[in-house]
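J.: no sequence on this one, just coordinates:
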C-alpha cells in the first residue's frame, strides 16, 4: 500500500488495512502493477504507431497495401482507431476509479441509488462524416 499511497496521496489517510481481505488492497495492487509497466506500454504503443506509419508509406508504393490501409481506415479498424479506443477505455477506467475509490478508501456505504451514479461506457459509433467521441456518463 505504501507504493500506492506514494503515487496517490489523496487516499493516503485511508483507514489502515486489517488482516481480513479488503478490496482497496486488491485495486491498489492492480494500480501499482499497471503503473509499473507504463514505460513498456508506451514503448509498445510507439512501436505500433511506427509500424502504422511505415504501412501507410508503403501503401503509396504497393497498391495492395494502400488498398488495405484505406479499407481499414474506412472501416475504423486501423491502428489509429485501435489506439483511440484504448485511450477511451483508459479514460473511462480513470472515471471508474475516481468514482469507486471514494467508497473503497473512505469506507463510504454504497447503496442502491449509487448504482445509478456510476459511470457507464458507451462505445462510439462510426459515422460517415468522421468519427464521434466516446460518450459516457460523468
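T.: Okay, I see it. What you see is a predicted model, and the numbers here were worked out from it, not measured in a lab. Residues are numbered from 1 along each chain as shown.
J.: drop to CA atoms for contacts and neighbour counts, all remaining ones
T.: Fine.
J.: where in the chain is pLDDT low?
T.: The chain contains residues with pLDDT under 70 at 125-138.
J.: just give me the residue closest to the centre of this protein.
T.: residue 90 (1.2 Å; C-alpha atoms, centre = their mean).
J.: now the phi/psi pair for residue 121, please.
T.: Here the main-chain torsion angles of residue 121 (degrees, to the nearest 10) amount to phi -90, psi 130.
J.: give the buried residues for the helix or strand where residue 40 lies.
T.: Assigned by DSSP states H and E, residue 40 falls within helix 38-58. Residues 52, 55-56 are the ones in helix 38-58 that count as buried (16 or more other C-alpha atoms under 10 Å).
J.: distance to residue 35 added to these, as CSV?
T.: Converted to CSV, the buried residues of helix 38-58 look like this (distance: C-alpha to C-alpha, whole Å):
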residue, distance to residue 35
52, 26
55, 30
56, 32
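J.: for those residues, which one is nearest residue 83?
T.: Sorting the buried residues of helix 38-58 by distance to residue 83 puts residue 52 at the head of the list, at 11.1 Å, by C-alpha to C-alpha.
J.: show me what contacts that closest one?
T.: With contact set as C-alpha atoms under 8 Å, 6 or more residues apart in numbering, residue 52 has these partners: residue 79.
J.: since that was my last question, I'll sign off now.
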